[in-house]
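> Requesting a structural model of the entry that follows:
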Amino acid sequence: MKTNYKIQGTPNSPVLMFSNSLGADLSMWDELVPYLLPYFRVLQYDTRGHGNSELTEGHYTIEMLGQDVIDLLDDLKIDKVYFCGLSMGGLIGQWLGINHSDRLHKLVISNTDSKIGTSKGWNERMKIISEKGMQSITDATMEKWFTANFQKKNISRLAEMTQKFLSNRVAGYIACCAAIAAADFRGSIKDISVETLIITGDEDEVTNVAQAEKMQQVIPNSSLKVFHARHLPSTELPADYADTLINFIVGKEIYERGMHVRRTVLGNAHVDKANGNKNEFNTDFQEFISHYAWGEVWTRPGLVKHSRSLITLAMLIPLNKKAEFKMHVKAAFNNGVQVDEIKEVILQSGIYCGLPAANDAMHSAEEVFQELKIRYK
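Here you go, the predicted model:
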């Protein structure tokens, strides 16, 4: 099965994987990505029969769709992820939590239930769509997805989501309807062992607050977040939704977030050594670095970490701080920077910062390459 996906972010960051709702595709998460990239590699994919993923014949099952996730992770050589699935994606997340908890760090199941709707209701929907096409339920779907206020104030975004919904292949949509209709995890969600966050909207009529509260009572080590939204809070409130994910996975405190980012950039060994060298004299300074530099600046969504690394290297060259420069050359590789890019930064600095400073930087960079056994032409 050919699965369409995209993955963004720096190679040393943990992977946060997103699974789309019925009738949407991987782009439904795009607005969250800038807020999340300081912390994670973000993996989005189209569920089978949706977006640009393969449309296979016959009805699907959640087990089949869940196995697609495992196969994709295996293909990408990713051992474990943080997983966030919404609606149908939430059912896939439940299946993973029950059957493959070893592949999950933590689980987020959003606007979903252990049993969504009734077989009769799903059969009626499949019949209507097969006879009249996606347009027959488009308006009703947008009403379920978004609050009246969102629809009124976000006309262009609503139009985009409407067009995405209309572009669905009928056969793929129906096949996934069958998977949702057959799924029933009411007796097994108690077996989800990973820490789980349940999300819903206070106006969600598809998977309401009462259903989410019931799931929370059954799933061990779970918590609940309710947004003022309907079925797609991730689209309606992307900044708040992203912040909720960061709170759950990384932590609410700026210091916690800073330490997370500091580790992804500088590496665990460097940070552990710095923490191990804390004493009464330097502790305040170390915590200041993690809080302010890493927790408030490096976490900002305006620049990706790759760009921040290049800027940092360029600024360190004229300062002639060799140890700090070499540390950030190493860190640059954790942020996906290539040797040729480092060379170009140094060459550019030679024009604007002076040749002696650039010459020292060139030698320092080569020392790091040798230490890390990085080959270059």
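
> drop to CA atoms for contacts and neighbour counts, all remaining ones
Noted.

> hey, where'd the helices end up in the stretch 1-150 of the chain?
For the stretch 1-150 of the chain, the helices defined by DSSP state H, counting those that start in this stretch cover 33-36, 62-75, 88-99, 119-132, 138-145, 148-153.

> so what secondary structure elements neighbour the fourth one?
Spelled out, that is helix 119-132. helix 170-182 (3 or more C-alpha pairs under 8 Å, 6 or more residues apart in numbering; DSSP states H and E).

> Please give the centre-to-centre distance between the helix it packs on and its chain.
Centroid separation for helix 170-182 versus its chain: 25 Å, with C-alpha atoms, centre = their mean, to the nearest Å.

> Pull out the buried positions in that helix.
Going by neighbour count (16 or more other C-alpha atoms under 10 Å), the buried part of helix 170-182 is 170-182.

> pLDDT added to those residues, as TSV?
Converted to TSV, these look like this (pLDDT from 0 to 100):
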residue	pLDDT
170	98
171	98
172	98
173	98
174	98
175	98
176	98
177	98
178	98
179	98
180	98
181	98
182	98
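
> how about the residues you listed, which pair is most distant?
Pairwise distances across these (C-alpha to C-alpha) peak at 18.5 Å, for the pair 170 and 182.

> related to what we said a few turns ago, of the helices of the stretch 1-150 of the chain, which approaches residue 355 most closely?
helix 33-36 (36.1 Å).

> Residues touching that closest one, excluding its own?
42, 239, 242-243, 246, 300-302, 304 (C-alpha atoms under 8 Å, 6 or more residues apart in numbering).

> Pull out the buried members of those.
By 16+ other C-alpha under 10 Å, the contacts of helix 33-36 give 42, 239, 242-243, 246, 300, 304 as buried.

> Could you list which of these belong to strands?
When DSSP state E defines the strands, the subset of these inside them is residue 42.

> Return the subset of the buried ones among the contacts of helix 33-36 lying in helices.
239, 242-243, 246 (DSSP state H).

> could those residues go into TSV alongside pLDDT?
As requested, those are arranged in TSV below (pLDDT from 0 to 100):
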residue	pLDDT
239	98
242	98
243	98
246	98
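
> Return the member of these nearest to residue 58.
For these, the nearest to residue 58 is residue 242 (35.3 Å; C-alpha to C-alpha).

> unless I'm mixing things up, that closest one is touching residue 29, no?
No: assessed by C-alpha atoms under 8 Å, residue 242 is found out of contact with residue 29, at 9.8 Å.

> Pull up the overlap in contacts between these two.
In contact with both residue 242 and residue 29: residue 234, using C-alpha under 8 Å, 6+ apart.

> residue contacts, residue 358?
317-318, 346-347, 349-350.

> list the buried ones in the longest helix anywhere in the chain?
Counting by DSSP H, the longest helix found in the chain is helix 355-372. Using 16+ other C-alpha under 10 Å as the test for burial, helix 355-372 gives 355, 357-362, 364-366, 368-369.

> Let me have those residues in TSV, adding pLDDT and distance to residue 203 as columns.
Supplementary listing: those in TSV, determined by pLDDT from 0 to 100; distance: C-alpha to C-alpha, whole Å:
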residue	pLDDT	distance to residue 203
355	96	62
357	96	60
358	97	59
359	97	62
360	97	61
361	97	57
362	97	59
364	98	58
365	97	56
366	97	58
368	97	55
369	97	55
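
> between those residues, which is closest to residue 129?
Distances from residue 129 to these, taken by C-alpha to C-alpha, are shortest for residue 369, at 59.0 Å.

> what about residue 118, how many neighbours?
Residues near residue 118, counting by other C-alpha atoms under 10 Å, number 12.

> Residue 124 versus that one, what's the distance?
10 Å (C-alpha to C-alpha, to the nearest Å).

> for residue 210, same thing?
From residue 210 to residue 124 the distance is 25 Å (C-alpha to C-alpha).

> Please apply the same query to residue 303.
47 Å.

> ditto for residue 272
Taken as C-alpha to C-alpha, the span from residue 272 to residue 124 is 58 Å.

> next one: residue 45
28 Å.

> Same check on residue 8?
Counting by C-alpha to C-alpha, the gap from residue 8 to residue 124 is 39 Å.

> Verify the stated contact: residue 86 with residue 19.
Yes: contact criterion C-alpha under 8 Å: residue 86 and residue 19 qualify, at 6.5 Å.
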